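Participant: just a sequence and a predicted model for now, questions to come.
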Amino acid sequence: MKRVLVTRDIPESGIEMLQQKYEVVVNREDIPMTREEMLAEFPKYDAVLTALSDVIDEEIMRAAPNVKIFANYAVGFNNFHVEPAKKFGVAMSNTPDVLSDSTAETAWAFCLQSQGEYLKLIGMCAKASGSGFLTNYFLVKMFMKKQLVL
């Protein structure tokens, strides 16, 4: 069975989907892996689901020849060195356009709640153990295709 490493804790539904087809190992500590940890761990896997904090460069790819895809749990891909990936035939992916709606919803959140829980979230993110983001906190229902009546 193919092995997948998830470098940060993601919502359980995503992990369960992966587990239907793969042997999955998740970094449940939810702190960024060090470069040394990535160099030691990545070679054991066929695929790695990365976070934006994981820099995937030529050295990492050379150390992990079994990895066929690095999939970013992020919209961006500035942590991916694309040219070496082309050279090694390694696929790289991200999650484009998944934040458009949530960005608009955040604007609504600022409009609708200038104090309270939202400010707690901002404070928590600022203190997020140097990781820059928290993947499993404050998951809420989407406002997409909803109407606000004032």
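Facilitator: Now that the structure is in, tell me what you want to look at.
Participant: so where do the strands sit in the chain?
Facilitator: 3-6, 23-26, 47-50, 69-72, 91-93 (DSSP state E).
Participant: got the contact list for the fourth one?
Facilitator: If you take CB atoms under 8 Å, 6 or more residues apart in numbering as the criterion, strand 69-72 is touched by 47-52, 56, 79-80, 85, 90-95. In short, each C-beta sits where N, CA and C put it, glycine included.
Participant: how about 6 Å then?
Facilitator: 47, 48, 49, 50, 56, 91, 92, 93, 94 (CB atoms under 6 Å, 6 or more residues apart in numbering).
Participant: one more: stretch 9-29?
Facilitator: If you take CB under 6 Å, 6+ apart as the criterion, stretch 9-29 is touched by 1, 2, 3, 4, 5, 6, 7, 8, 30, 73, 135, 136.
Participant: mind putting those in TSV, pLDDT included?
Facilitator: Formatted as TSV, the contacts of stretch 9-29 follow (pLDDT from 0 to 100):
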residue	pLDDT
1	94
2	97
3	98
4	98
5	98
6	97
7	96
8	94
30	82
73	91
135	64
136	63
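Participant: Produce a ChimeraX select command limited to the buried residues of these.
Facilitator: Selecting only the buried entries of the contacts of stretch 9-29 in ChimeraX, with 16 or more other CB atoms under 10 Å as the criterion:
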select :4,5,6,7,8,30,73,135
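Participant: nearest the middle, which residue of this structure would you pick?
Facilitator: residue 73 (2.6 Å; CA atoms, centre = their mean).
Participant: the protein: helices as residue ranges?
Facilitator: With DSSP state H as the definition, the chain shows helices at residue ranges 12-19, 35-41, 58-63, 82-88, 100-112, 117-126.
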